[in-house]
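Asks: Got a predicted model here, sequence first, then my questions.
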Amino acid sequence: QQQVKQSPQSLIVQKGGISIINCAYENTAFDYFPWYQQFPGKGPALLIAIRPDVSEKKEGRFTISFNKSAKQFSLHIMDSQPGDSATYFCAAIRNAGGTSYGKLTFGQGTILTVHP
Amino acid sequence: DTGVSQDPRHKITKRGQNVTFRCDPISEHNRLYWYRQTLGQGPEFLTYFQNEAQLEKSRLLSDRFSAERPKGSFSTLEIQRTEQGDSAMYLCASSLGGGNIQYFGAGTRLSVL
């Protein structure tokens, strides 16, 4: 059962453009939504994360938009650079009283290519 | 480097052999997680430990798989009687307390011939 669905599978943008990756989740118990960036041969690295009590979070060129009623969230990369070329994963995790249940549920991933 | 360390980075084995992977978490991180990632997919949760206690196991973790964290520090993941379907990247992550942020190692890539 795929609890977090991610699209598109791959994305090609020009340098300076905006990259947008979308995710949808099913389990309303999820309450923390991180995005991970993974380069070839490396493990995933946390990029940015959001809780469902806010609709947007921005860190530098990276922004998460969150729509709780639609159970959707998205990553926007502004002024995309060739160095941003990587695989991006959305994920979700559920907490209980502030203590994480521990299990990250990942989307399928988006391969982003930024052309110079 | 004080990040999550995994060993070996690559393992090639023949079907039916046993393999063991090691993960050293970030110092003082009491939670340790194992995930499996196949080509073109996101990581899938296998199991996690809080200190030495194994708190949750996925249905993906068949009886051929066993994980330990004997002293609450490093962990090992053993696969017995490997099958070609076990070929994947095995990722380890650690976190501090009940925090949401998990730090991943570079993974062990297993190829079963």
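Replies: Arrived safely, thanks for sending.

Asks: for the lowest-mean-pLDDT helix or strand in chain B, which positions count as buried?
Replies: Here the helix or strand of chain B ranked lowest by mean pLDDT, DSSP states H and E is strand B:53-57, holding a mean of 89. For strand B:53-57, the neighbour count (16 or more other C-beta atoms under 10 Å in any protein chain shown) marks B:Q54 as buried. Just so you know, the C-beta spots here come from the backbone N, C-alpha and C atoms, and that holds for glycine as well.

Asks: Can you confirm whether the following helix or strand past it lies near chain A?
Replies: Where DSSP states H and E defines the elements, the next helix or strand beyond strand B:53-57 is strand B:65-68. No - Strand B:65-68 does not reach chain A (C-beta under 8 Å from any C-beta of the partner chain); its nearest approach is 13.5 Å.

Asks: Next SSE downstream of strand B:65-68?
Replies: Next along from strand B:65-68, by DSSP H and E: strand B:75-79.

Asks: Mind listing the strands that next one pairs with, and their directions?
Replies: strand B:19-24 (antiparallel), strand B:65-68 (antiparallel) (DSSP bridges).

Asks: Outside of stretch B:47-64 itself, list whatever touches it.
Replies: A:101-103, B:30-34, B:36, B:44-46, B:67-72, B:75, B:79-83 (C-beta atoms under 8 Å, 6 or more residues apart in numbering or on different chains).

Asks: and the angle for the least confident helix or strand of chain B with strand B:75-79?
Replies: 50 degrees (axes from the mean of the first three to the mean of the last three C-alpha atoms, to 10 degrees).

Asks: Within the sheet, what are the partner strands of strand B:53-57, with directions?
Replies: Going by DSSP bridges, the partners of strand B:53-57 are strand B:44-50 (antiparallel).

Asks: Let me have the strands paired with strand B:75-79 in TSV, extended by mean neighbour count.
Replies: Shown next, in TSV, are the strands paired with strand B:75-79 (neighbours: other C-beta atoms under 10 Å in any protein chain shown):
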stretch	mean neighbour count
strand B:19-24	19
strand B:65-68	17
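
Asks: I'd like these written out as JSON lines, with mean pLDDT added.
Replies: Below are these laid out as JSON lines (pLDDT from 0 to 100):
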{"stretch": "strand B:19-24", "mean pLDDT": "98"}
{"stretch": "strand B:65-68", "mean pLDDT": "96"}
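
Asks: Fine by me, thanks again.
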